[in-house]
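**Q** Structure, please.
(one chain, ligands or ions: 1)
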Amino acid sequence: MIDLRSDTVTLPTPAMRAAMAAAEVGDDVYGEDPTVRALEERAADLLGTEGALFVPSGTMGNQVAIACHTHPGQEVIVEAGSHIYNVELGTMARFSGVQPRVLVGERGVFTADQVAAAIRPDLYYLAPTGLVCLENTHNAAGGRVWPLAAAREVLARARARGIAVHLDGARVFNAAVATGTPVRELARGFDSVMFCLSKGLGCPVGSVLCGSRPFVAEAQRVRKALGGGMRQAGILAAAGLYALDHHVGRLAEDHLHARLLAAGLATLPGLSVLPPETNIVLVTIEAGPDAAALCARLRARGVLASPAGAGTSARQVRMVTHLGISRADVERTVDLVREELRAPGE
Ligand code: TLP
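**A** Okay, the predicted model is just below:
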């Protein structure tokens, strides 16, 4: 199977498994796992923050951050297509008692003026703005990189109003590699940054939440409250350390494969393809089968892809490149899509 549904489907390589098997471990709830500690130190160093916390998933990292930065009854400014708003089960309402304030960005990117206009004035009958969230790269916008200047304007405007800003950086390493910008530059100024190890970096499990020392201390309490205290987690953290050593630079290959895939698909009649900035290709089927039908036909031929919008889009298909996808896989996928777009029997 050529699995393009997500970069979450990557399997640990033999070398990563060897690093996991060799990991020195201890009970991390007692703070005694040296490999977890090493990963957290490494992450904090890379992101330029005082501390970091290993969490089981990106969703938990985002939601722990929201719980730490806000109080019940506040609002959180999010982008309309963001993962936090669309694909995290309304958890900010369930666990933090806050409501989203939704801004419609231009392909995932909103402006500092939009943020300034959405921040509530200090009137006792309004829900105070507690947090602003950005997503880099923006998943639903096809792995779009947040322009650094635009992010910095948002950060400055929020800071001027005393409001914290969290970065959902599930794929921030893709953004760093695509733009040649050190990840600490992309993280600078944020009050917290979550990045995922279990996406393009190829780990089986795990994300890291980075921020100041007091933020990480509170995040550790919230993680435990949510059941995210893990014991001999060094076995997972070892995969993270391995990935940070060996799987960051190679993301450029995934980006090249995404561009090749997009270019190949764009030549096919009936398709329009958003030129990818990183590893996510969004294909709109202007004429032909709908997204679910095309994905079903491709599955029967050995290619897995999903309707976009976490399965909600009727005419858009998402294909994600990752370390399990070769150039030959990309070429075969283009050939199979060409064949399957034709009506049966044609
Ligand atoms: N994204 C998954 C699905 O949930 C859509 C994927 O296949 O792309 N932030 C962003 C930007 C994400 O894309 C994701 C996962 C998360 C957070 C959540 O990470 P996990 O799945 O580890 O909870």
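**Q** which bits of the stretch 1-150 of the chain sit near the ligand?
**A** Taking CB under 6 Å from any ligand atom as the measure of proximity, the stretch 1-150 of the chain contacts the ligand at 6, 8, 57, 58, 59, 62, 83, 87, 135, 139. All C-beta spots, glycine's among them, are computed from the backbone N, C-alpha and C.
**Q** What segments of the protein are strands?
**A** Along the chain, counting by DSSP state E, strands occupy 2-3, 51-55, 75-79, 99-103, 129-135, 164-169, 192-196, 207-211, 271-273, 280-285, 303-304, 306-307, 316-320.
**Q** Can you tell me what sits against the first one?
**A** By that I understand strand 2-3. Applying CB atoms under 8 Å, 6 or more residues apart in numbering, the set of residues contacting strand 2-3 from outside is 9, 302, 303, 304, 324, 325, 329, 332, 333.
**Q** Now for the closest residue to the second one other than its chain neighbours: which residues touch it?
**A** Ranked by CB to CB, 6 or more residues apart in numbering and with sequence neighbours excluded, the top spatial neighbour of residue 302 is residue 1, at 5.5 Å. With contacts defined as CB under 8 Å, 6+ apart, the neighbours of residue 1 are 302, 303, 304.
**Q** Drop anything exposed from those.
**A** residue 303 (16 or more other CB atoms under 10 Å).
**Q** Which single one of the contacts of residue 1 is nearest to the ligand?
**A** The ligand lies nearest to residue 304 out of these, by CB to the nearest ligand atom, at 12.0 Å.
**Q** My read is that that closest one contacts residue 294, right?
**A** No - when contacts are counted by CB atoms under 8 Å, residue 304 is not listed as touching residue 294 (11.9 Å).
**Q** Quick one: neighbours of the residue nearest to residue 39 when sequence neighbours are not counted, just the number.
**A** Closest residue to residue 39 in three dimensions, ignoring its sequence neighbours and counting by CB to CB, 6+ apart: residue 237, at 3.9 Å. Burial of residue 237, expressed as a neighbour count using other CB atoms under 10 Å, amounts to 32.
**Q** who's in contact with residue 237?
**A** In this structure, residue 237 makes contact with 23, 33, 35, 36, 38, 39, 40, 54, 206, judged by CB under 8 Å, 6+ apart.
**Q** What does the pLDDT read for the residue in the stretch 101-250 of the chain that the ligand sits nearest to?
**A** Using CB to the nearest ligand atom, the closest approach of the stretch 101-250 of the chain to the ligand is made by residue 170 at 3.4 Å. According to the predicted model, the pLDDT of residue 170 comes to 98.
**Q** who touches stretch 156-168?
**A** When contacts are taken as CB under 8 Å, 6+ apart, the neighbours of stretch 156-168 outside the stretch itself are 58, 62, 65-66, 69, 82-84, 112, 115-116, 119, 129-136, 154-155, 186-187, 189-194.
**Q** Flag every buried residue along that stretch.
**A** Of the residues in stretch 156-168, those with enough neighbours to count as buried (16+ other CB under 10 Å) are 157, 158, 163, 164, 165, 166, 167, 168.
**Q** close to the ligand, is that stretch?
**A** Yes - interface with the ligand: stretch 156-168 contributes residue 168 (CB under 6 Å from any ligand atom).
**Q** end to end, how far does that stretch reach?
**A** Taking CA to CA, to the nearest Å, the span from the opening residue of stretch 156-168 to its closing residue is 18 Å.
**Q** Can you give the distance from that stretch to the centre of its chain?
**A** When C-alpha coordinates are averaged (CA atoms, centre = their mean, to the nearest Å), stretch 156-168 and its chain have centres 20 Å apart.
**Q** Which helix or strand in the chain has the lowest average pLDDT?
**A** Across the helices and strands of the chain, mean confidence by mean pLDDT, DSSP states H and E is lowest for helix 308-311: a mean of 76.
**Q** ok, so what distance separates residue 321 from residue 298?
**A** With the distance defined as CB to CB, to the nearest Å, residue 321 ends up 15 Å from residue 298.
**Q** between these two, who's got more neighbours?
**A** residue 321 (31 against 21).
**Q** which residues sit in contact with the more buried one?
**A** Residue 321 makes contact with 4, 7, 254, 255, 257, 258, 261, 279, 281, 330 under the criterion CB under 8 Å, 6+ apart.
**Q** Looking at those, spot the one nearest residue 316.
**A** Sorting these by distance to residue 316 puts residue 281 at the head of the list, at 10.5 Å, by CB to CB.
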